Each structure stands twice: as structure tokens, then as C-alpha cells.
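Participant: Pasting the sequence and the predicted coordinates here, then a few questions.
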Amino acid sequence: MIETIRAAFVIGRRDFTAIIFSKAFFFFLLGPMFPLLVGGAAGLLGGQVARDIDRPVIGVTMSADDSRQLLAARATLAAQVGERRLPEMRQLSQSTSAATPEKLLDDKTNGLAAILGGTLDKPVLTGTRGPIESYKGEIAMLSAFAKNADAMTLPSVETRLVQSSAGNEKQQRLATAQATQVLLFMLTMLLAGMVLSNLVEEKANKIIEILAAAVPMDAVFLGKLFAMLAMAFVGITVWATVGFGIASLAGSALPSLPTPAVGWPIFVLLGVVYFTMAYLILGSLFLGIGAMAATVREVQTLSMPVTMAQLINFFLAMYTVTKMGEPIELFACLFPFTSPFAMVARAAQDATLWPHLLAVAWQALFVLIILRVGVYLFRRNVMKSGSAGRIKETSGKKLFGLVKMPG
Amino acid sequence: MHAIEARGLVKQFDGFRAVDGIDLNVPVGSIYGILGPNGAGKTTTIRMLLGIIDPDEGTRTLLGSDRPLSQSKLVGYLPEERGLYQSMRAADTIAFMGALRGMPLKAAEQRGRELMEEAGLGYAADRQIRQLSKGMAQTVQLLGTIVHDPKLIVLDEPFSGLDALNQAKLERMIRAQADRGVTIIFSTHVIAHAERLCERIAIIAKGKVSFDGLVSTARDRLRPQVHLETETADGPWRKALPDDVRHEGNWWHFTLPDSGVEPLLTALIGGKAGIRSLSIERPGLHDAFVAIAGEDTAAEMDAPTAEELI
């Protein structure tokens, strides 16, 4: 075991320095900038487009008095709740109002979404199903307010801010849980996928033969996995530093997340631990899968289904955020590929700490199992060690001296 | 005491029996050659001996252990298919190979630089592997094989791809290591290398060992060849020549009879053959190989590899 760890360290150190001191690593560090830039640009464009789109207008054909009162009521309420929360309205001229609502709606020059006729006591809204369903409630409210405008005064509301309330604490922690899950998933997806191609160089250059003759293959896999993990932490440290710098400059312009149930220090620690476990679980799987690939092209072909499988896991974990304590949430906590994501969400919502110890131990055991199976398959299928279709004595050795492996 | 013992090693790939019940005994301190044509099972045998792959059947011990990888710190291995990290510096490469075999990295790097100086490559220690010529890169890999002072060195087709100058350097290096008491095993399909270097050989063909023993024993399997030139073409002395004699003018070529040299000389002199010249030649390893492994296998040995053709 000690020899395996020593050898893994030798291999990990070589891989780590080879990556860190390569020119490509600089571009790797720049990697997250591109989705942020694209996302920011898309958001700005989307907002502009939303603002530029004409809002649907309701044509008002009530009597002149009713129309005037209705529009005045709308203006008063819009000042309180916001212009965009109430439908746009336009009083139509007497001559125009003489036409039937159907005709007015057919006339493209009017550009009307619905026609409001009748009286304030009995408004009639004519239009297609969409606008009618959307505005029925607002029209009723506006009509009632217009009718009693003189009697109704809107009192000014005195506001008092508190840090939290029992009612919305759960909702807020849910936001923390979801945000952390997304962050964890993004980082894992961004970084763990790189492990897929990790053994291609060794196989292409025939270095694998030298490694296999010198150290146990478990050490090769472990070393490579931890080198990539260390590289991931270097990347995250750089990105986090830049992120904090931007946050400091932006000040209160950035939204702040509610305090998680376990408190921020422990939550951050658990976040790091669960990222590590998520990375190791997915990384060990990818390493095993990638080790079977003979060329970079094969690795690229494999990356699509692997990414899709990651997404399914993520969606499952996301779905269970609101289902604390339910069987599906417990399943997500136990299923190794969703466990880190589900458990970090749990930490945001539940202050109990002992389940995290169990979860981390279980996840670590699963990493060892995946690695061992990956090594076994690599030796059998790539190194051509062991005969096919027969359980061999040598393959039944213990998993890192802990668990008896099947053949 | 044997550095390597193998009993009944068998390895199949997709139903093909690449190694079919091989027994080997490699004495400590010997230079041991594994001879056989390409595809005979030499590399597969070596990979099993080193623990890179497990045999389907049979047992092997390496430096006294039946778990070869547990002895890896005492073993140096140069695989047939050479491979190095192209972006790594030469000195770092040797250090890395030493560290893999248990050396502290600093000590391995220092020793690596010393070895490069001794090999006349000190100036290239800080160059990346991709900046070295093929021969230099092979030397770097070879130095990485011996940097940790192993007790056993296994070289799979070490002469393949080397020019004559580098082949001679490699032979000198092998002898130098052997002089230090290191056991050396190398595989080759070139009999001349084995003949020059080895005390013991194993001849492998079609996954089986045809011969395992001293080179001299292999050669002793054939009788010496006599080449005789006489003044007379006929006479009573002709009766002393064996049936397999070949006659070219006054030259006579034949296998030395079981009775030995003395009766032959007595008959030639007594029969007034008029001996102009007489030489008795011990058979070479190539002849022994042909006799042991057969003409077909010998022909395969002589066939150049794709690398040699290029």
C-alpha cells in the first residue's frame, strides 16, 4: 500500500508539473472566461430584445367617462406596482369604437391584442384565448378601482428590514443549495472530463510498458487522478481569486446567498470535500473508460455519452433539492454519482453533520472500487493480462488490501 | 541460485497460444540471451517474467519472489517498443525512471547527469526528448534502465534500430554491467549478438523452448567441420573419410568422425594423402541454431524486421 502511494506520487508529480508548466495550461485557466463572456453577452442581448418587443395593447371602447376613469385608475396603480405589471391600454376614438370588436382586432393597423368594451360595472373583454386569460383578472381589478377611485386611497406602507424570517429561510437555503450544486457541477464537468484522455499519451508513446513494469497499475491510475485533481485545485484557486477580486470591485451589486444550515465555514469546507469526491468519482470512471480508448479520436467519441450521463446525474440531484428526507433524495445521497451533489444541497438545508462523514467514507470507498475495476479492465483488455472468460486467481486480489475483488 | 525461474508458462491471446509451456532458468550473474524469430513469444515471455502481464498457466519467480513487481526496484527493463515523454528533459527522464524504481528524485537526477556525461551526452541533459536524435533518445532510455543500479537488467531486442556504432557501445555497456555482477537477459533475433555476449541462451520458437543452456553446449551438439586439402585425389587414405564428405578439386569437407582427430591424421599420413592444409572448425551458434530449431525457424531469424528494412 505504501509502495503504491509512493509510486502514485512519483507519477502524479510528473503529470502535474508537465501540465502546470505547459503553455496549454494558460489557455485552460482562461477557459471559464469564454462561457462567462458568452453568457453575459447573451444576457445583455436578451434583455435588450425583451425591452424592444412591443407589449400587447388593449383597445378600450367604453364610454368616454368610463374610459377616462379606467385609464386614470391604471395610472394610479401602475405608479404603485410598476408599469409592466399592468396591461397597456389605449382609448379608441368614438368613430373607431363604432366598429365591432372582431373587426377592430382584424385590422392590422390598430395592432390591438384585445378589445375592452361594456361598462365599469360589466366590462366585456374580446380577444383570443391568450390575452383574455392573461388580462381578465387585471381588468376586473382596474374596473373596480376605477369605479371607486374617489373612495379608495392607497396608504403608504412603512417598511422594516430583518435579516431572516422563519417563513422564507427554507426558501433562501434552497437557493444556496441550488447555486452550490450548479457551481459544483460546472466545475466537475469542466475539470473531470479532462481525465478521459489522460492515458492516451502513455499508450501512444509506449511509456505504459515502462510504467507497468516498474509500478503497480493502481499507482499509475491513482497518480494520474490526483495529478489532475491538484491541477483542478490550481485552476479553481486562480478563478476564485479573480472572482473575489471582481466581487470586491462590484461591491453590493452582486447578489449574496443566504447562510446555509451548517454555517458558511463548514459549508465551504464541505463544498471543497464534495467537489473532491465528485471529481474523484467521475474522474476515476473517466480514467477507466479513457484507458480503454486507443486514440484521441476514440476519447472524443466517448466524451459525448459521458457528458450526457453527467447531466442526468445532475438533473437527478437538482430534482431532489426540494425533496429533503423523501426516498428519492435519500437515493440521490446514496447513489455515488449524485451523492456529492445531493449531500452538499443537504448541508445547505440541514445542520446535521454526521451524515456527511458517512457519505464521504462511502464515496471514497466507491472511488477505490471504480479505480480497481478500471485497473483490472485495463490490465485485461489493454495490457492483455489474464485470459478471457476465466476467473483468475491473480485478479481476485484484494482492493488496495481492503476488499476482495471479483475476478 | 537463479535470478529467474519459470515453469510451464502459458499465455494465450484470443485462442492463439503465444507462449506454450516455457521453462527457463537464468543463473545469477550471467548474460542470458533469448533467441527466436519475430513472433516466437520472446516479448510475451519477458512481460510475464516481469509481471507486466500474468500467465494463464505456470509459475515464475524473479529474484526469489513470485510477485515480480515487488522486486521492481532491483530490476531494469528496456522494452522492445521504446517510449519516452517527448516534452520531458533528458536528465528529468532518467530521474523519473529512477524514481519509479524507488530512487529519491534528486539522487536519480544527479546520477542521471553523471551517466549522461559518461555516455558523452552531458551536453544534451537539459534538452527535451523531442530535440534528441533517435539514437540519443534510445541511449537516454537505456541510461534510465540502469540509473538505479539494478541487480537484473532485462533488455527486449536492445539492438533493434541502433546503428553499428551504437550497437558496439551497447555491447560494451552490457559487458560492463555483467562485470559488476549484474544478471542480464536480452532477447534478440540476431544470433551474432548472442554469440558474442552470452554464456547461456534459450532458443524459443513457436512459443516453446527448444534449448536452454550454455552456448558451448548448443555448439557441441554439432560435430566440428574438417576442411582438408590434399596433393593426391585418391588412395587408401580415402577410407578414413566419412560418408558425408564433399569433394571440390583437391578440397575435402566433412564432419569430424566420432573417433576424433588422431585416427584421421594417422590414416591420412599413412595413406600418403599429402596434406597441404587441414583446418578443424567448431560450428558457430548459427549452425547450432539451425540444428536445434530447424531450417525454417533459422530462415525466419534471418529475415529483416520492418524497422531494419526501413
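Facilitator: Looks like it came in fine. Quick caveat: nothing in here was measured; it's all calculated off a predicted structure. Residues are numbered from 1 along each chain as shown, chains lettered A, B, ... in the order given.
Participant: thought residue B:35 was touching residue B:192?
Facilitator: No: contact between residue B:35 and residue B:192 fails when scored by C-beta atoms under 8 Å: they sit 10.8 Å apart. Backbone N, C-alpha and C define where each C-beta goes, glycine included.
Participant: Tell me which of the two has more neighbours.
Facilitator: For residue B:35 against residue B:192, the residue with the higher neighbour count under other C-beta atoms under 10 Å in any protein chain shown is residue B:35, and the figures read 30 against 13.
Participant: Ramachandran coordinates for the closest residue to that one other than its chain neighbours?
Facilitator: In space, and not counting its chain neighbours, residue B:35 is closest to residue B:203: 5.0 Å by C-beta to C-beta, 6 or more residues apart in numbering or on different chains. Summarising the backbone geometry of residue B:203 under the convention degrees, to the nearest 10, its torsions are phi -100, psi 120.
Participant: For the stretch 201-350 of chain A, which residues are neighbours of chain B?
Facilitator: Of all the residues in the stretch 201-350 of chain A, those in contact range of chain B (C-beta under 8 Å from any C-beta of the partner chain) are A:201-202, A:205-216.
Participant: For residue A:303, state which of those residues is nearest.
Facilitator: For these, the minimum distance to residue A:303 (C-beta to C-beta) is 16.7 Å, reached by residue A:201.
Participant: buried ones in the helix or strand containing residue B:3?
Facilitator: Using DSSP states H and E, residue B:3 falls within strand B:2-13. Of the residues in strand B:2-13, B:2, B:3, B:4, B:5, B:6, B:9, B:10, B:11, B:12 count as buried by neighbour count, 16 or more other C-beta atoms under 10 Å in any protein chain shown.
Participant: Is it correct that residue B:4 is in contact with residue B:27?
Facilitator: No: taking C-beta under 8 Å as the definition, residue B:4 is not a contact partner of residue B:27, at 9.2 Å.
Participant: what is in contact with those two at once?
Facilitator: residue B:183 (C-beta atoms under 8 Å, 6 or more residues apart in numbering or on different chains).
Participant: OK, now which residue of the stretch 151-300 of chain B is nearest to chain A?
Facilitator: The shortest separation between the stretch 151-300 of chain B and chain A is 8.3 Å, found at residue B:154 (distances taken as C-beta to the nearest C-beta).
Participant: and that residue, how many neighbours does it have?
Facilitator: By other C-beta under 10 Å, the residues close to residue B:154 number 28.
Participant: mind listing the strands for chain B?
Facilitator: Counting by DSSP state E, chain B has these strands, from start to end: B:2-13, B:16-27, B:31-35, B:57-62, B:75-78, B:152-156, B:183-188, B:200-205, B:208-214, B:225-230, B:246-248, B:251-255, B:275-281.
Participant: Using neighbour counts, trim the residues of the stretch 201-350 of chain A next to chain B to the buried set.
Facilitator: Among these, the ones that count as buried (16+ other C-beta under 10 Å) are A:201-202, A:205, A:207-216.
Participant: can I assume the residue nearest to residue B:35 is in contact with residue B:286?
Facilitator: No: under the criterion of C-beta under 8 Å, residue B:203 lies out of contact with residue B:286, with a separation of 11.5 Å.
Participant: for residue B:156, what are its contacts?
Facilitator: Taking C-beta under 8 Å, 6+ apart as the definition, contacts of residue B:156 comprise B:42, B:43, B:46, B:77, B:78, B:79, B:80, B:186, B:187.
Participant: For beta bridges, what are the partners of the last one?
Facilitator: On the basis of DSSP bridges, residue B:187 takes part in beta bridges with residue B:34, residue B:156.
Participant: burial count for the nearest residue to residue B:225 once chain neighbours are set aside?
Facilitator: Distances taken as C-beta to C-beta, 6+ apart put residue B:281 closest to residue B:225, at 4.7 Å, once the chain neighbours are dropped. Taking other C-beta under 10 Å as the criterion, the count of residues near residue B:281 is 12.
Participant: ok, the strand holding residue B:3 near chain A or not?
Facilitator: Yes: judged by C-beta under 8 Å from any C-beta, strand B:2-13 and chain A are in contact via B:12, B:13.
Participant: from chain A, which residue is nearest to chain B?
Facilitator: Closest residue of chain A to chain B, C-beta to the nearest C-beta: residue A:206 (3.2 Å).
Participant: residues contacting the residue nearest to that residue when sequence neighbours are not counted?
Facilitator: Taking C-beta to C-beta, 6+ apart as the measure, residue A:206 lies nearest to residue B:83, with 3.2 Å between them; neighbours along the chain are not counted. By C-beta under 8 Å, 6+ apart, the contact set of residue B:83 is A:202, A:205, A:206, A:207, A:208, A:209, A:210.
Participant: Make JSON lines from the residues you listed and add pLDDT and secondary structure to it.
Facilitator: As requested, these are arranged in JSON lines below (pLDDT from 0 to 100; DSSP: H, G, I helix; E, B strand; the rest coil):
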{"residue": "A:202", "pLDDT": "80", "secondary structure": "helix"}
{"residue": "A:205", "pLDDT": "75", "secondary structure": "coil"}
{"residue": "A:206", "pLDDT": "81", "secondary structure": "coil"}
{"residue": "A:207", "pLDDT": "87", "secondary structure": "helix"}
{"residue": "A:208", "pLDDT": "87", "secondary structure": "helix"}
{"residue": "A:209", "pLDDT": "88", "secondary structure": "helix"}
{"residue": "A:210", "pLDDT": "90", "secondary structure": "helix"}
